[in-house]
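Undergrad: following is a predicted model, sequence given first.
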Amino acid sequence: MARPVIPERCHVPSVVKINALTVPAEQREVLEQRFASRAGAVEGSDGFEWFELLRPVEGTDQYLVYTRWRSEEDFQAWMEGPMKAAHQGGGGAAGGAGGERPKPAASGSSVWSFEVVQQAAPKQA
């Protein structure tokens, strides 16, 4: 399938990954604290462009973890390197009592993938 023509305002066809985390109400603060104290390794990863943690306002118990990458290859390299190490005890939030890994704050997750085909920024005054 041919790639779509990207409008001039779009510098490159980035990819977006959204991890939808199901978080029980009693775990919301735990999840937010873990993200606040994360190692921050994603920010230095090759091809990383943006991160946002979105808290649900009403009608859902799903937090959305939004990341934007230069390419699918850059995302996969991060998944197999820094992210994998952080989630196997190589970084991230401190362990629980006795050095054990803390219980996950989310009760489920689903990753959604998108390719940016259009984007716009605020008009300059």
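TA: Looks like it came in fine. Numbers count the residues shown, from 1 in each chain.
Undergrad: the lowest-mean-pLDDT helix or strand in the chain packs against which elements?
TA: Within the chain, confidence by mean pLDDT, DSSP states H and E is lowest for helix 84-85 among all helices and strands, at a mean of 76. Applying 3 or more CB pairs under 8 Å, 6 or more residues apart in numbering; DSSP states H and E, one finds that helix 84-85 makes contact with no other helix or strand. The way it works is simple: take the backbone N, C-alpha and C, and place the C-beta from them, glycine included.
Undergrad: send the alpha carbons of the helix or strand that that helix is followed by over as CSV?
TA: Later in the chain than helix 84-85, the nearest helix or strand by DSSP states H and E is strand 108-115. The C-alpha coordinates for strand 108-115 follow below in CSV (Å, rounded to 0.1, in the frame of the first residue of the first chain):
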residue,chain,number,x,y,z
GLY,A,108,-4.9,-4.3,32.3
SER,A,109,-3.4,-2.6,29.2
SER,A,110,-3.7,-2.4,25.5
VAL,A,111,-1.3,-0.7,23.0
TRP,A,112,-2.8,1.2,20.1
SER,A,113,-0.6,2.2,17.1
PHE,A,114,-1.1,5.2,14.8
GLU,A,115,0.8,6.9,12.0
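Undergrad: mind starting the numbering at 50 from now?
TA: Okay, using 50 as the starting number, the last item reads as strand 157-164.
Undergrad: okay, now the sheet partners of strand 157-164, with direction.
TA: strand 64-71 (antiparallel) (DSSP bridges).
Undergrad: run through who's touching the partner strand.
TA: 80, 110-121, 124, 154-165 (CB atoms under 8 Å, 6 or more residues apart in numbering).
Undergrad: list the buried ones in it?
TA: 64, 65, 66, 67, 68, 69, 70 (16 or more other CB atoms under 10 Å).
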